[in-house]
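Engineer: Predicted coordinates and the sequence they were generated for:
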Amino acid sequence: AGAAAEEGDGGGVRRPREEARRRREGHREDEPRDVPRSGRAEREGDERAGEGVGEHPRGERAEEGDEREAEVGADEHRARGVSALTARPPRAEAESAEDDDEGNVLLQINGKVDATSLGDAVTQTLVGMIPVAMARDPRDVLVVGLGSGMTVDAARSVPGVRTVEAAELLDDVIEAARGPFSRANHRALEDRRVRVVRADAAQYLRGTSRTYDAIVSEPSNPWVAGMSDLFTRESFEAARDRLREGGAFGAWFHAYGTSAAVVSSIAATFRAVFPRSTVVEISPGNDYLLVGLKGTTPLDLDAFLARTDDPTLARMLLAAGVPDRPSLLARFLSGRGGVAALAGDAPVLRASDLTLEFLAPSLLYRDATAEVFALLARIDDLPLAGLGVDASPGGTWLRLLDASEPQREAQVAAARGEHEVARVGDGL
């Protein structure tokens, strides 16, 4: 896993098929193009995601400056066996983010976009926020992969957090987060509570003696060399061993350019280590999050909701298209039984067999949306069931389930409808 943390945060690009193919094939942006979207978000949704850019959620104004594309080229350092990245100013004004009508900043690593300030904002915000807010006592947090720094920004904004570590392998990714992305991440790296550890995240998890209340894993896609290790049992076990009792671990995974069998194996691997877990839908048909709790401490749903009601998080959630409590609960698809249904009898991924390392690239151009939706249809339990939530009549959980169900059904129907439109448009 020599590059297991080199492309964190953002976890790939969610954009229309033609754009996705251009990115995956390593094409550069030689002319202005539409701003990439997060999942199937509409333009107005992306505009909401961009609101407040340049202003810290807690009111601290970020320094104004010219936005530019964080374009990254490769400079092989053979002695280390690692691709070091060099952030360069735009080659021409037409290629800079200044000419993007929505001010989008892109992080390209060897031609592949791994983080954007607008298109990936929803994913980075929710993946960084939800597991941390679910922890029993979220004080100390580890983020696997720095990328744009927006996941770190979300994690540090949860009330009670006192330290956030980010494990990142590449110096130039750190500089991109500190420079071009500083407005989007509200200058998170200048926060005294934030510390960046220059290390391979998979090895850091296995080797550190530090413990945390929450760990968030949002690496690049597993088809990128070295990333698959972060989806294996060994990495999940290392994360579990670094968690304190009642701690939460969140692992992002994608449902595009993959197969239902791979998704089932990721769920099976996660469940083998975190039997008390849930599935969160970040972007229907695109981005998902597995969250597991360590130990037997019940999930305090009221404490979770109180943290997300904090004015800072409430503004960030609103920008991510989550305006209220029912909308937030609608993102949760399952309890522990639903994760088991996703897993089925799929094999567990191990670091020693390299199954995902070699399988993921072969699925890069495969549209697995329909089969992933069919897989999700196996879920037959209630959101957060089996995690110890208070199920008393009239309690918070049951009231929110009733309030969130119509929105959950509408989200699924809309996502499936857009998928069918896309298939017709592609002549499939």
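Structural biologist: Arrived safely. Just so we're clear, the structure is a prediction, and the values are computed from it rather than from any experiment.
Engineer: Using the three-state scheme, assign residue 279.
Structural biologist: strand (DSSP: H, G, I helix; E, B strand; the rest coil).
Engineer: An error on my part: the question was meant for residue 136.
Structural biologist: With three-state DSSP as the basis, the three-state label of residue 136 is coil.
Engineer: ok, it - contacts?
Structural biologist: Neighbouring residues of residue 136 by Cβ atoms under 8 Å, 6 or more residues apart in numbering: 213, 245, 246, 247, 297, 300. C-betas here are computed from N, CA, C, even on glycine.
Engineer: Using the three-state scheme, assign residue 253.
Structural biologist: Going by three-state DSSP: residue 253 is strand.
Engineer: mind listing what the nearest residue to it once chain neighbours are set aside touches?
Structural biologist: Excluding the flanking residues, the one nearest residue 253 by Cβ to Cβ, 6 or more residues apart in numbering is residue 266, at 5.1 Å. Counting by Cβ under 8 Å, 6+ apart, residue 266 touches 231, 251, 253, 290, 349.
Engineer: give me that answer again for 10 Å
Structural biologist: 222, 231-232, 236, 251, 253-254, 258, 288, 290, 342-343, 346, 348-349, 356 (Cβ atoms under 10 Å, 6 or more residues apart in numbering).
Engineer: Closest one to residue 281 out of those, please.
Structural biologist: residue 288 (5.9 Å; Cβ to Cβ).
Engineer: And the strands in the protein?
Structural biologist: 71-77, 82-88, 106-109, 112-116, 140-144, 163-168, 194-198, 212-217, 243-254, 277-283, 287-293 (DSSP state E).
Engineer: sorry, back to before: how close does the residue nearest to residue 253 get to residue 371?
Structural biologist: Using Cβ to Cβ, to the nearest Å, residue 266 is found at 14 Å from residue 371.
Engineer: What of residue 321?
Structural biologist: Relative to residue 371, residue 321 is positioned 26 Å away (Cβ to Cβ).
Engineer: Please apply the same query to residue 362.
Structural biologist: 16 Å.
Engineer: How about residue 227?
Structural biologist: 22 Å.
Engineer: now do residue 214
Structural biologist: Applying Cβ to Cβ, the value for residue 214 to residue 371 is 32 Å.
Engineer: And residue 327, by the same measure?
Structural biologist: 27 Å.
Engineer: go on, residue 127?
Structural biologist: For residue 127 relative to residue 371 (Cβ to Cβ), the value is 23 Å.
Engineer: the more surrounded of the two?
Structural biologist: residue 127 (31 against 16; other Cβ atoms under 10 Å).
Engineer: residues in contact with the more buried one?
Structural biologist: So residue 127 contacts 9-11, 120, 143, 150-151, 154-155, 216-218, 250-252, 280, 282, 287-289, 291 (Cβ under 10 Å, 6+ apart).
Engineer: Contacts only, for the nearest residue to residue 301 once chain neighbours are set aside.
Structural biologist: Spatially, and ignoring its direct neighbours in sequence, residue 301 is nearest to residue 389 (4.9 Å; Cβ to Cβ, 6+ apart). Residue 389 is in contact with 298-302, 304, 335, 382-383, 395-398, 400-401, counting by Cβ under 10 Å, 6+ apart.
Engineer: Please apply the same query to residue 242.
Structural biologist: Taking Cβ under 10 Å, 6+ apart, we find residue 242 in contact with 142, 204, 205, 206, 208, 209, 210, 211, 212, 215, 249, 294.
Engineer: quick one: which of those has the most company?
Structural biologist: Neighbours here mean other Cβ under 10 Å. Within the contacts of residue 242, the largest count is held by residue 215, at 31 neighbours.
Engineer: so where's the stretch 51-200 of the chain shaky on pLDDT?
Structural biologist: 51-103 (pLDDT under 70).
Engineer: All the helices of it, residue numbers only.
Structural biologist: Ranges of helices in the stretch 51-200 of the chain, per DSSP state H, counting those that start in this stretch, are 121-134, 150-156, 171-178.
Engineer: quick check: angle from the first one to strand 287-293?
Structural biologist: Angle between the axes of helix 121-134 and strand 287-293 is 10 degrees (criterion: axes from the mean of the first three to the mean of the last three Cα atoms, to 10 degrees).
Engineer: and helix 121-134, C-alpha only, in CSV?
Structural biologist: What follows is helix 121-134, C-alpha atoms only, in CSV (Å, rounded to 0.1, in the frame of the first residue of the first chain):
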residue,chain,number,x,y,z
ALA,A,121,-18.6,19.3,-1.6
VAL,A,122,-21.6,17.3,-0.5
THR,A,123,-19.7,14.0,-0.3
GLN,A,124,-16.8,15.6,1.6
THR,A,125,-19.0,17.4,4.1
LEU,A,126,-21.3,14.4,4.9
VAL,A,127,-18.5,11.8,5.0
GLY,A,128,-16.5,14.0,7.4
MET,A,129,-19.4,15.0,9.6
ILE,A,130,-21.7,12.0,10.1
PRO,A,131,-19.3,9.4,11.7
VAL,A,132,-17.8,12.1,14.0
ALA,A,133,-21.2,13.2,15.2
MET,A,134,-22.3,9.6,15.8
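Engineer: Please work out the angle formed by the directions of it and strand 163-168.
Structural biologist: Using the same axes, to 10 degrees: helix 121-134 against strand 163-168 is 130 degrees.
Engineer: now the angle between strand 277-283 and helix 121-134, please.
Structural biologist: Angle of helix 121-134 versus strand 277-283, following the same axes, to 10 degrees, is 160 degrees.
Engineer: among the helices of the stretch 51-200 of the chain, which is nearest residue 275?
Structural biologist: Comparing these under Cβ to Cβ, the one sitting nearest is helix 121-134, at 15.7 Å.
Engineer: neighbours around residue 406, how many?
Structural biologist: Counted by other Cβ under 10 Å, the residues lying close to residue 406 total 11.
Engineer: before we move on, what about the one 3 residues further on?
Structural biologist: Applying other Cβ under 10 Å, we find 11 other residues in the vicinity of residue 409.
Engineer: Look up how far residue 333 lies from it.
Structural biologist: 12 Å.
Engineer: Equivalent analysis for residue 150, please.
Structural biologist: For residue 150, the distance to residue 333 - Cβ to Cβ - is 24 Å.
Engineer: which residues touch residue 196?
Structural biologist: Contact partners of residue 196, counting by Cβ under 10 Å, 6+ apart, are 143, 146, 149, 152, 164-168, 171, 173-174, 177-178, 188-189.
Engineer: can you tell me which two in these are farthest apart?
Structural biologist: The span of the contacts of residue 196, defined through Cβ to Cβ, is set by 164 and 171 at 19.0 Å.
Engineer: just the helices in the stretch 201-350 of the chain please.
Structural biologist: Along the stretch 201-350 of the chain, counting by DSSP H, counting those that start in this stretch, helices occupy 201-207, 233-242, 260-273, 301-308, 311-319, 325-329, 336-343.
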